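Undergrad: here is my input, please return the structure:
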Amino acid sequence: MATGTPAAELRELNEEELVARLRESKEELFNLRFQMATGQLDNNRRLRVVRHEIARIYTVMRERELGLATAPAGKGDAA
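TA: Okay, here's the model as predicted:
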């Protein structure tokens, strides 16, 4: 079964890692759509899973923007 990344795991990532994960997911979605258009897609469910993962990433980023959640303390951050 194809499952996405849980939101709790995404909340543990810092901002740069979230942006990188978003970029990877969007690239995967592009490739999946291309495979769908050419008839090479084996797992149709993966399209939905990747779209939901992108939505989860955007949700975590928006929570931080609104101050509803905070980013984890990094290595160089003062505590």
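Undergrad: what's near enough to touch Ala71?
TA: By CB atoms under 8 Å, 6 or more residues apart in numbering, Ala71 lies in contact with 14-15, 64. C-beta: built from backbone N, CA, C; applies to glycine.
Undergrad: can you list the low-confidence ranges for this protein?
TA: 1-2, 74-79 (pLDDT under 70).
Undergrad: remind me, longest helix of it?
TA: helix 15-38 (DSSP state H).
Undergrad: buried residues, that one. List them.
TA: Neighbour counts using 16 or more other CB atoms under 10 Å place 18, 21-22, 25, 28-29, 32 of helix 15-38 among the buried residues.
Undergrad: against which helices or strands is it packed?
TA: helix 45-66 (3 or more CB pairs under 8 Å, 6 or more residues apart in numbering; DSSP states H and E).
Undergrad: centre of the chain to the helix it packs on, how far?
TA: In this view, helix 45-66 has its centroid 5 Å away from the chain centroid, taken as CA atoms, centre = their mean, to the nearest Å.
Undergrad: dump it to PDB, restricted to CA.
TA: These are the backbone C-alpha positions of helix 45-66, laid out as PDB (Å, rounded to 0.1, in the frame of the first residue of the first chain):
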ATOM      1  CA  ARG A  45      -3.100   5.500  -6.200                       C
ATOM      2  CA  ARG A  46       0.400   7.000  -6.100                       C
ATOM      3  CA  LEU A  47      -1.000  10.200  -7.800                       C
ATOM      4  CA  ARG A  48      -3.400  10.800  -5.000                       C
ATOM      5  CA  VAL A  49      -0.800  10.000  -2.300                       C
ATOM      6  CA  VAL A  50       1.700  12.400  -3.700                       C
ATOM      7  CA  ARG A  51      -1.000  15.200  -4.000                       C
ATOM      8  CA  HIS A  52      -2.000  14.600  -0.400                       C
ATOM      9  CA  GLU A  53       1.700  14.800   0.700                       C
ATOM     10  CA  ILE A  54       2.100  18.100  -1.100                       C
ATOM     11  CA  ALA A  55      -1.000  19.400   0.700                       C
ATOM     12  CA  ARG A  56       0.400  18.200   4.100                       C
ATOM     13  CA  ILE A  57       3.700  20.100   3.400                       C
ATOM     14  CA  TYR A  58       1.800  23.300   2.500                       C
ATOM     15  CA  THR A  59      -0.300  22.900   5.700                       C
ATOM     16  CA  VAL A  60       2.800  22.600   7.900                       C
ATOM     17  CA  MET A  61       4.300  25.600   6.200                       C
ATOM     18  CA  ARG A  62       1.100  27.600   6.700                       C
ATOM     19  CA  GLU A  63       0.900  26.600  10.400                       C
ATOM     20  CA  ARG A  64       4.300  28.000  11.000                       C
ATOM     21  CA  GLU A  65       3.500  31.200   9.000                       C
ATOM     22  CA  LEU A  66       0.500  31.800  11.200                       C
END
